[in-house]
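K.L.:
Show me how the following folds:
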Amino acid sequence: MIYSASSFTSRAEEASLTVVTVESRRGDNGLVYRPVFETIDKNGNTLRYSENTWVSPKPHDEDEIVDGLVDWAGGEVRSVSMIASSKAFGGMFARLGGICFVLGGMYILWRRRNLVLTE
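P.N.:
From the prediction side, this is the model:
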């Protein structure tokens, strides 16, 4: 199944998340980070979740309390700020793709016009 931030946000509930720890590892361009969140459900059960996305710069600090979303059925947890930055990054790539599409179309039309004029 393809992950969708929109489908996650539609089925998740708001929750307060505690950043238990922030794991780090060396990536191709330096250190990347992955926060580990913890939250408590209505029955007092603790849910701990490691993000599957490694990011840079460091998104949160240890022991920080952040706004988040929790899918209790799936056991998935996301911080609101990381969802927002993910969506912004995706939007940037979509705009860049649109610009490349338009410029490529203009180039093809220009080439076709020049070929017709030279014949």
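K.L.:
okay, CA-based contacts and neighbour counts for the rest of this
P.N.:
OK.
K.L.:
Can I take it that W110 is in a helix?
P.N.:
Yes: assessed by DSSP: H, G, I helix; E, B strand; the rest coil, W110 belongs to a helix.
K.L.:
Mind checking what secondary structure the residue nearest to E38 when sequence neighbours are not counted has?
P.N.:
Of all residues not flanking E38 in the chain, R48 sits nearest, at 4.3 Å (Cα to Cα, 6 or more residues apart in numbering). What three-state DSSP gives for R48 is strand.
K.L.:
what sits against R48?
P.N.:
V36, F37, E38, T39 (Cα atoms under 8 Å, 6 or more residues apart in numbering).
K.L.:
Return a ChimeraX selection command for the buried portion of those residues.
P.N.:
Buried residues among the contacts of R48 (16 or more other Cα atoms under 10 Å), as a ChimeraX selection:
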select :36,37,38,39
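K.L.:
could the contacts of R48 go into a markdown table alongside pLDDT, secondary structure and distance to L103?
P.N.:
Listed next are these as a markdown table, based on pLDDT from 0 to 100; DSSP: H, G, I helix; E, B strand; the rest coil; distance: Cα to Cα, whole Å:
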| residue | pLDDT | secondary structure | distance to L103 |
| --- | --- | --- | --- |
| V36 | 91 | strand | 42 |
| F37 | 90 | strand | 43 |
| E38 | 91 | strand | 46 |
| T39 | 89 | strand | 47 |
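K.L.:
Now distance to G68 too, for the contacts of R48, in JSON lines please.
P.N.:
JSON lines is the format used below for the contacts of R48 (distance: Cα to Cα, whole Å):
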{"residue": "V36", "distance to G68": "12"}
{"residue": "F37", "distance to G68": "9"}
{"residue": "E38", "distance to G68": "10"}
{"residue": "T39", "distance to G68": "9"}
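K.L.:
So what's the residue count around M106?
P.N.:
12 (other Cα atoms under 10 Å).
K.L.:
Surely it is within a helix?
P.N.:
Yes: assigned with three-state DSSP, M106 falls within a helix.
K.L.:
Relative to T21, how far out is the residue lying closest to W72 once chain neighbours are set aside?
P.N.:
Nearest non-adjacent residue to W72, counting by Cα to Cα, 6+ apart: A12, 7.4 Å away. A12 sits 23 Å away from T21, going by Cα to Cα, to the nearest Å.
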